[in-house]
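Participant: prediction below, plus the sequence it came from.
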Amino acid sequence: PFLSSFPPDQGKQLRDAFVYAEKHNPGFIHDFISGLIHTDDLTETLLRLGATECSEFLILSHVELHDHLNRKAQALRVLLSTIPDHIRERSEFLQTIKDIAQSIKDLLNCVNSFSQLNGSAPAMVQNKRLFDYQKKCFVRSSKAFSDSLRNFFRESQAGLVFQAANKLITQTNVLMRTIKIITERG
């Protein structure tokens, strides 16, 4: 919506610049907006927007596993983006946490299947270190999210949960972009 206020060519250039910056520095857009707008609700707002599907992270292929990866990653983003709606109601929030944990597990299983099926592909061999690193970062982000939940139940600081969920969405996007690079080169 904001970019539609610009002439089409300028809006596209601005969008492309943000996409480029986010690709090379994941989390840039979040940090940029945080620097512009100083509000406690910003992290929550960005988390709600985290479910917005972005073509830069979609694997465009007719391979069933790739479609499965896209669906699992999007399901996780959607679940994480609903946290602000459920965090105040304990029973709903506990169910959301269970769903998120299952979604993380499903996505990791899908990522592992991708790795096994493409392990000998030239693009996978060439990008193996990057793939393994991004997968490890995803697992770390998942654990950090889990830690933020433990702290939430002790100290009731929703903002920390929102931050950890945003980081997990960002890491999900980075992992999917890495897989997309491998599939496009493969």
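Facilitator: The structure has been received and is ready for your questions. Computed from a predicted structure; not experimentally measured.

Participant: show me where pLDDT drops low in this structure?
Facilitator: Judged by pLDDT under 70, the chain has its weakly predicted residues at 1-6, 34, 36-40, 186.

Participant: tell me the buried residues in stretch 155-174?
Facilitator: 158, 160-174 (16 or more other CB atoms under 10 Å). Heads up, the C-betas are built off the backbone N, CA and C, glycines and all.

Participant: same question for stretch 63-80.
Facilitator: Neighbour counts over stretch 63-80 (16+ other CB under 10 Å) mark 66, 68-70, 72-80 as buried.

Participant: what do you get for stretch 129-136?
Facilitator: Buried residues in stretch 129-136, counting neighbours by 16+ other CB under 10 Å, are found at 131, 134-135.

Participant: out of those, which comes closest to residue 101?
Facilitator: Lowest distance from residue 101 to these (CB to CB) belongs to residue 135, with 17.4 Å.

Participant: before we move on, back to that, secondary structure and distance to residue 20 added to the buried residues of stretch 63-80, as a markdown table?
Facilitator: Putting the buried residues of stretch 63-80 into a markdown table (DSSP: H, G, I helix; E, B strand; the rest coil; distance: CB to CB, whole Å) gives the following:
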| residue | secondary structure | distance to residue 20 |
| --- | --- | --- |
| 66 | helix | 24 |
| 68 | helix | 28 |
| 69 | helix | 23 |
| 70 | helix | 22 |
| 72 | helix | 26 |
| 73 | helix | 21 |
| 74 | helix | 23 |
| 75 | helix | 27 |
| 76 | helix | 25 |
| 77 | helix | 21 |
| 78 | helix | 26 |
| 79 | helix | 28 |
| 80 | helix | 25 |
